[in-house]
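Asker: the following block contains a protein sequence and its predicted model.
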Amino acid sequence: MKQIFVILAYIIWLAAVSFSQSKSNDAISRQIFSLHADKTFTLSYDDASNMSKLMAVAGNFPNAEADRSGISAMNFAAGFFYSGRGIQAPPEQIKVTFWILSKRPRFAQTHDLGIFAGQETFEIGTGRYAARARENMEYLNYEIPRETLVKIARQSAVRITLGEQEFDFTREQLKLFADLILLTDVSATR
């Protein structure tokens, strides 16, 4: 009987240790530097709101894809906000915003996002659309489940559809997702 209590106590202790993991902003900063992603990722903290923001900005999609889609250029940013000076748990949703440079709106009417990664298809749906006509910019904002980004980051070829247009993520863009997943893993500190 005493052994059962000892085993139960150990299991409870192990669960508490597992769930209490966190990663400080200092640890995240060191990890960003070790990944050589310091020009891609930014980590900021605002004292007034006690909020931190981890964000990554990807390079442009290939010019040939932009030309085929009738736009000048497109890239994206991915990130999220969290309370305090450290991540207590990986985010369930990560915000991804596509920035489109175009002389005329290309995505105002239809901007559903679909992702094709390996044998899996993820229908993210209609995101939030915004445009700045004077700057020839369109913004497409989505919240993508972290689990979906984990699956995307494991692939070597990922195609997306934005409205009626198709684009392929570059290797560098897929690495950005993989690095973001690693940075948000509270158990990974390398």
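Answerer: Perfect, thanks for sending it.
Asker: so which residues of the chain form helices?
Answerer: 2-19, 25-34, 63-68, 146-153, 171-183 (DSSP state H).
Asker: in terms of mean pLDDT, which of those helices ranks lowest?
Answerer: Mean pLDDT is lowest for helix 2-19 among the helices of the chain, at a mean of 43.
Asker: thought residue 118 was touching residue 152?
Answerer: No. Residue 118 lies out of contact with residue 152 (Cβ atoms under 8 Å); the separation is 9.0 Å. Yep, even glycine has a C-beta here, placed from its N, CA and C like the rest.
Asker: state the number of residues packed around the residue nearest to residue 60 when sequence neighbours are not counted.
Answerer: Nearest residue to residue 60, sequence neighbours excluded (Cβ to Cβ, 6 or more residues apart in numbering): residue 75, at 4.7 Å. Residue 75: 16 surrounding residues under other Cβ atoms under 10 Å.
Asker: related to what we said a few turns ago, neighbour count winner among residue 118 and residue 152?
Answerer: Ranked by neighbour count (other Cβ under 10 Å), residue 118 and residue 152 place residue 152 first, with 23 against 12.
Asker: ok, the spatially most central residue of the chain - contacts?
Answerer: Taking Cα atoms, centre = their mean, the centroid of the chain lies closest to residue 78, which sits 4.1 Å from it. By Cβ atoms under 8 Å, 6 or more residues apart in numbering, the contact set of residue 78 is 55-56, 58, 94-97, 149, 176-177, 180.
Asker: what bridges to it?
Answerer: residue 56, residue 96 (DSSP bridges).
Asker: for it, give me the pLDDT.
Answerer: Taking residue 78 on its own, its pLDDT is 97.
Asker: so residue 29 is in contact with residue 45, correct?
Answerer: No. The pair residue 29 and residue 45 does not pass the contact test of Cβ under 8 Å, sitting 10.3 Å apart.
Asker: correct me, but the residue nearest to residue 60 touches residue 62?
Answerer: No. Using Cβ under 8 Å, residue 75 is not in contact with residue 62, being 11.1 Å away.
Asker: for residue 57, which non-adjacent residue is closest in space?
Answerer: Excluding the flanking residues, the one nearest residue 57 by Cβ to Cβ, 6+ apart is residue 77, at 4.8 Å.
Asker: compute the distance between that neighbour and residue 117, please.
Answerer: Using Cβ to Cβ, to the nearest Å, we find residue 77 at a distance of 20 Å from residue 117.
Asker: so these two - more neighbours on which side?
Answerer: Each of residue 77 and residue 117 has its neighbours counted (other Cβ under 10 Å); residue 117 has more, 21 against 18.
Asker: ok, that one touching residue 155?
Answerer: Yes. Counting by Cβ under 8 Å, residue 117 does reach residue 155; the two are 4.6 Å apart.
Asker: endpoint to endpoint, stretch 102-117 covers what distance?
Answerer: 27 Å (Cα to Cα, to the nearest Å).
Asker: cool, stretch 36-48 as well?
Answerer: End-to-end distance of stretch 36-48 (Cα to Cα): 30 Å.
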